[in-house]
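# Build me a structure from this.
(2 chains)
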Amino acid sequence: MTVRLLDTLSGRQRDLVPLEDGHVRVYSCGPTVYGPAHIGNFRSFLFADLLVRHLRWRGSRVTWVMNVTDIDDKIIRGAAAAGVSIEALADRWTERFLADAVALRMSEPEVLPRATRHIEEIVALVEILLDKGHAYRTDDGSIFFRIASWPAYGKLARLDPDQLRVGERVEADEYAKDDVRDFAVWKGPKPGEPSWSTRIGEGRPGWHIECSAMAMKHLGPSFDIHTGGIDLIFPHHEDEIAQSEAATGQEFVRTWLHCAHLQMGGAKMARSEGNIALVGDLLDRGISARALRYALIAAHYRASLSYTDESLAAATAAIERLDAAYLALAGYHEDRTDDPTLPAALETARTAFGAALDDDLNISPALAALFDLVRDLNRRIDARTMSTADADRAVAVLRDLDRVLAIGPDLEAAALEPDLQALVDARAAARAARDWAASDRLRDELAERGIVIEDSRDGQRWRRSGVTSHA
RNA sequence: GGCGACGUACCCAAGUGGUUAAGGGGGAGGUCUGCAAAACCUCUAUUCAGCGGUUCGAAUCCGCUCGUCGCCUCCA
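Modelled structure (predicted):
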């Protein structure tokens, strides 16, 4: 089965045929570390993670590069405002980003290149653009890409360069240039701004150039997939294509993937809109990171997605349903022969799941396949038709699907805190002694502390509730 | 003003020409259970924003209308 993806540039769904057989190279636009990434940012990172995980699940080797932009206007302003160096500010928010990414179970990219560590690559790229006449210098030491030299400009965003509503916005820090639509690949030095002394002069990188330089350094002049939020199509990715292809003469990216915005309160989540939610804040409120991940990946990446209390509650409930099935299977014991119909049911689920994701990461039918399987397994548990080994086989398949989704319970179920474990043991003892009063009291006490107790034919079991209230 | 996406049940969301319109959440009833929780069963869209059209047949194709969101500017 071939993975098919909808390419923004061609507007068509195309089979993923990697440039190197069996090895997919993916570049994702990552965070600009001027502050903590919000969950809208993470939606795009997690959609890329889902893609990478699925490709690996399908057996491909994947090299995933996600840039960290650690030099730009906002970082400079933020550092100045906070009275710290840009390095300190960038380091602080990079750490926070990595911690959030771990909490949300984002796979770790092979490379997390930082712009300030790639000044040489950026300079080399700008030199080529200057040599080929695609870029020019201005009096202040800045260097601009000349859009007029690149007829294909606008092909990604489907914008006619002549139709751009230029001049509607006047940037306070705009530099003189030949054409207002030209964009800076290198910004001349300014007082109070960091700058590098290089072969192309003093200054710092423009916003778009670093992605071209880092992508080509780590993945080559032409690679398979480039991802980002829909808002990066223009101008960021349009500019990346122009400057990269103008420099190399090769196709920069085979397939462009863009995810739609996360909405909150009827508008896209954006710092400038003031409607942002931060991973750390949500986790501090006791929200399950797995539920948050589920809420962010459960809708197709090209559909806009609203984040609400309701959507999070629905995600939490879905996760708990999944957890309950894992727990019931783990505790399941039945001394009988294997269920001959189980293997086919497991295979059907796995096939449907994979086929759905192959189809442009169509996650809804993939989740439907997962939950269809959960229902089927619950039925078998109730009917006691599986053997103990069957239950293990079922868990293995759930775990296999979870290599892609990463929403399942932790492999090594975190051991219960000693005091809680004591309560759980006491409750089991009370119930065994048919001391219902004590047993109910202990169950209530555990519930208040976030531990759900369930009795089953396979004995008492416990799990942590999806939303643990610390209030 | 230009470009684009979308409108499916109470909510989220698959389905893009042809059997009973997936799945999750929520709600109602039932089974099981010491009670509960979980689970299971039944029910919760003769209908897919509205109106026309094409077709033997449309949620799926075409046109118009209404509505929502986004890009054209920093932005995931």
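# Domains in chain A, by residue range?
As assigned by automatic domain parsing, chain A contains the domains A:4-279, A:321-405, A:418-464.
# For the stretch 1-150 of chain A, what lies in contact range of RNA strand B?
Taking C-beta under 7 Å from any atom of the strand as the measure of proximity, the stretch 1-150 of chain A contacts RNA strand B at A:Cys29, A:Pro31, A:Thr32, A:Ala37, A:Gly40, A:Asn41, A:Arg43, A:Ser44, A:Asp72, A:Asp73, A:Lys74. Yep, even glycine has a C-beta here, placed from its N, CA and C like the rest.
# Could you dump the residues you listed into a markdown table and include neighbour count and secondary structure?
Compiled in a markdown table, these are given as follows (neighbours: other C-beta atoms under 10 Å; DSSP: H, G, I helix; E, B strand; the rest coil):
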| residue | neighbour count | secondary structure |
| --- | --- | --- |
| A:Cys29 | 23 | coil |
| A:Pro31 | 26 | coil |
| A:Thr32 | 22 | strand |
| A:Ala37 | 23 | coil |
| A:Gly40 | 25 | helix |
| A:Asn41 | 24 | helix |
| A:Arg43 | 24 | helix |
| A:Ser44 | 28 | helix |
| A:Asp72 | 21 | coil |
| A:Asp73 | 15 | helix |
| A:Lys74 | 14 | helix |
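# Between all of these, which two are separated the most?
Largest separation among these by C-beta to C-beta: A:Arg43 and A:Asp73, giving 24.0 Å.
# contacting residues around whichever residue of the stretch 201-350 of chain A sits closest to RNA strand B?
Per C-beta to the nearest atom of the strand, A:Gly229 is where the stretch 201-350 of chain A lies closest to RNA strand B, at 2.1 Å. Contacts for A:Gly229 (C-beta atoms under 8 Å, 6 or more residues apart in numbering) come out as A:Cys29, A:Gly40, A:Asn41, A:Arg43, A:Ser44, A:His258, A:Cys259, A:His261.
# Please apply the same query to A:Gln243.
By C-beta under 8 Å, 6+ apart, the residues touching A:Gln243 are A:Leu125, A:Leu129, A:His134, A:Phe145, A:Val185, A:His208, A:Ile209, A:Ser212.
# try A:Gly228
Counting by C-beta under 8 Å, 6+ apart, the residues that A:Gly228 touches are A:Ser28, A:Cys29, A:Ser44, A:His236, A:His237, A:Leu257, A:His258, A:Cys259.
# is the helix or strand where A:Asp440 lies up against RNA strand B anywhere?
Secondary structure from DSSP states H and E places A:Asp440 in helix A:436-448. Yes - Helix A:436-448 is in contact with RNA strand B by C-beta under 7 Å from any atom of the strand, via A:Trp436, A:Ser439, A:Asp440, A:Arg443.
# buried residues in that helix?
Within helix A:436-448, the residues that count as buried by 16 or more other C-beta atoms under 10 Å are A:Ser439, A:Leu442, A:Arg443, A:Leu446.
# Same question for stretch A:368-381.
Under 16+ other C-beta under 10 Å, the buried positions of stretch A:368-381 are A:Ala369, A:Leu370, A:Asp372, A:Leu373, A:Val374, A:Asp376, A:Leu377, A:Arg380, A:Ile381.
# what's the helix or strand for the second one?
Spelled out, it's A:Leu370. Element membership for A:Leu370 (DSSP H and E) is helix A:363-383.
# got a list of contacts for the helix or strand hosting A:Val62?
Per DSSP H and E, A:Val62 falls inside strand A:61-66. For strand A:61-66, the external contacting residues (C-beta under 8 Å, 6+ apart) are A:22-30, A:45, A:48, A:52, A:55-56, A:107, A:109-113, A:214-215, A:218-219.
# Give me the subset of those residues lying in strands.
A:His23, A:Val24, A:Arg25, A:Val26, A:Tyr27, A:Ser28 (DSSP state E).
# Take these and, keeping just the buried ones, write it as a ChimeraX select command.
The buried residues among the ones in strands among the contacts of strand A:61-66 can be selected in ChimeraX (16+ other C-beta under 10 Å) with this line:
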select /A:24,25,26,27,28
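# Could you save the ones in strands among the contacts of strand A:61-66 as TSV and add columns showing pLDDT?
Output for the ones in strands among the contacts of strand A:61-66, formatted as TSV (pLDDT from 0 to 100):
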residue	pLDDT
A:His23	98
A:Val24	98
A:Arg25	98
A:Val26	98
A:Tyr27	98
A:Ser28	98
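# RNA strand B: which of the ones in strands among the contacts of strand A:61-66 is nearest?
Closest approach to RNA strand B among these (C-beta to the nearest atom of the strand): A:Ser28, at 8.4 Å.
# Going by distance to A:Glu120, which of the ones in strands among the contacts of strand A:61-66 wins?
Nearest member of these to A:Glu120, counting by C-beta to C-beta, is A:Tyr27, at 18.9 Å.
# Please name the residues that touch that closest one.
Contacts of A:Tyr27 (C-beta under 8 Å, 6+ apart): A:Val65, A:Met66, A:Asn67, A:Cys211, A:Ala215, A:His218, A:Leu219, A:Phe223, A:Ile225, A:His226, A:Thr227, A:Val253.
# Return the residues in contact with the residue lying closest to it once chain neighbours are set aside.
Spatial nearest neighbour of A:Tyr27, excluding adjacent residues (C-beta to C-beta, 6 or more residues apart in numbering): A:Ala215 at 4.4 Å. Contact analysis of A:Ala215 by C-beta under 8 Å, 6+ apart lists A:Tyr27, A:Val65, A:Asn67, A:Phe223, A:His226, A:Glu240, A:Ser244, A:Phe252.
# Please name the residues that touch the last one.
Right, A:Phe252. A:Ser212, A:Ala215, A:Met216, A:Pro221, A:Ser222, A:Phe223, A:His226, A:Glu240, A:Ile241, A:Ser244, A:Glu245.
# On the pLDDT front, check the closest residue to A:Arg53 other than its chain neighbours for me.
In this structure, A:Arg53 finds its nearest non-sequential neighbour in A:Val404, 4.7 Å apart by C-beta to C-beta, 6+ apart. A:Val404 is assigned 98 on the pLDDT scale.
# ok, A:Val404 touching A:Leu51?
No - A:Val404 lies out of contact with A:Leu51 (C-beta atoms under 8 Å); the separation is 9.7 Å.
# Name all residues that sit in contact with those two at the same time.
Contacts common to A:Val404 and A:Leu51, judged by C-beta under 8 Å, 6+ apart, are absent.
# Which neighbouring elements make contact with the helix holding A:Leu370?
Helix A:363-383 is packed against helix A:309-331, helix A:342-358, helix A:388-405, with contacts defined by 3 or more C-beta pairs under 8 Å, 6 or more residues apart in numbering; DSSP states H and E.
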